[in-house]
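Student: How does the following fold in three dimensions:
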Amino acid sequence: MLDFRLWATRLLLACAIMPSGAAAARFEHVEIVSPLARKGPFTARMLRPAGNGPFAAVVALHGCGGLFTRKGEMQSREVDWAERLVAAGYVVLLPDSFTARGISEICTVKERSIHPQDRAGDAAAAARWLADQPFVDASRLALVGWSNGGSTVLWTVREGFMGQGADFRAAIAFYPGCRVMAARPQWRPRLPLTILIGGADDWTPPGPCRELGLRAGVTVIEYPGAYHGFDAPNSQIRVRSNLALAKNGTAHVGTHPAARAAAIEAVMGLLRSALERP
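Tutor: A predicted model of the protein is given here:
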């Protein structure tokens, strides 16, 4: 596990690398039909740089709250990251694992009809779809996920999954639930995996992720004092209730400015290294 220090200067970093023209960004609607998606067809939103490419691409997986808010707007965290990534020159594809399947959110749902191992099929299908696009360099794909999407990353990168064809060069999981994988001694990632998690996370506690780091060679970056959702833009820390998988049904969520800035720096650096041209 990597040591983490919160330098005050990093507070300036988030502003320095925020993409400009965010309001002008336009997301394209995509429909994906693939035998790899075990729960059936799904939709996605895509954001891509100007030009013909081919560009490196990032598949970004939403959390248990879905890709959209109750008002039908894209979640601010996913928009924030997508705009940043496209400003860095990456195509960004955000699979929506819920809407086409009649699901709005699963944060408060105990009897779920879709699980991270199901959503791993969506990630694989998204990679295959991107690889078929003329504006994407199929040899330069990365995977990022948040919370339930982070847990999906762990299922997607497991050894023996996806097989031949398009695959990811690297994966990043924000505050995933690591308990299931920590209880599977045989689990190993087949590609470089980095986990970013808050040291104070009481929704998906960091302990099991630390175990994976020690046992399976996973890079774990832990941010002291940070809660679940620490990288969200301008989200006031609050306590969420009625959560199906949190201890006592409650957990703190919200932005930790220094951890957010450091995570942005870490993610962008990891992607630059992983997706550079061969």
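
Student: which residues in the stretch 51-200 of the chain form strands?
Tutor: 55-61, 91-96, 136-146, 170-174, 193-198 (DSSP state E, counting those that start in this stretch).

Student: Pull the number of nearby residues for the residue nearest to Phe68 when sequence neighbours are not counted.
Tutor: Spatial nearest neighbour of Phe68, chain neighbours left out: Met74 (5.9 Å); criterion: CB to CB, 6 or more residues apart in numbering. Any C-beta I mention is one placed from the backbone N, CA and C, and that applies to glycine too. Met74 has 18 neighbouring residues, counting by other CB atoms under 10 Å.

Student: Hmm, Arg184 and Pro208 touching each other?
Tutor: No. Pro208 is not in contact with Arg184 according to CB atoms under 8 Å; the separation is 10.9 Å.

Student: out of those two, which sits in the more crowded spot?
Tutor: Between Pro208 and Arg184, Pro208 has the larger neighbour count (other CB under 10 Å), namely 18 against 12.

Student: tell me what the lengthiest helix in the chain is packed against?
Tutor: For the chain, the longest helix by residue count, based on DSSP state H, is helix 257-275. Judged by 3 or more CB pairs under 8 Å, 6 or more residues apart in numbering; DSSP states H and E, helix 257-275 is in contact with helix 13-16, strand 55-61, helix 76-87, strand 136-146, strand 170-174, strand 193-198, strand 219-223.

Student: Could you rerun that using 7 Å?
Tutor: Helix 257-275 sits against helix 13-16, strand 136-146, strand 170-174, strand 193-198, strand 219-223, with contacts defined as 3 or more CB pairs under 7 Å, 6 or more residues apart in numbering; DSSP states H and E.

Student: Show me what the second one packs onto, helices and strands only.
Tutor: If I follow you right, that is strand 136-146. Checking 3+ CB pairs under 7 Å, 6+ apart, strand 136-146 ends up next to strand 55-61, helix 116-131, helix 148-156, strand 170-174, helix 257-275.
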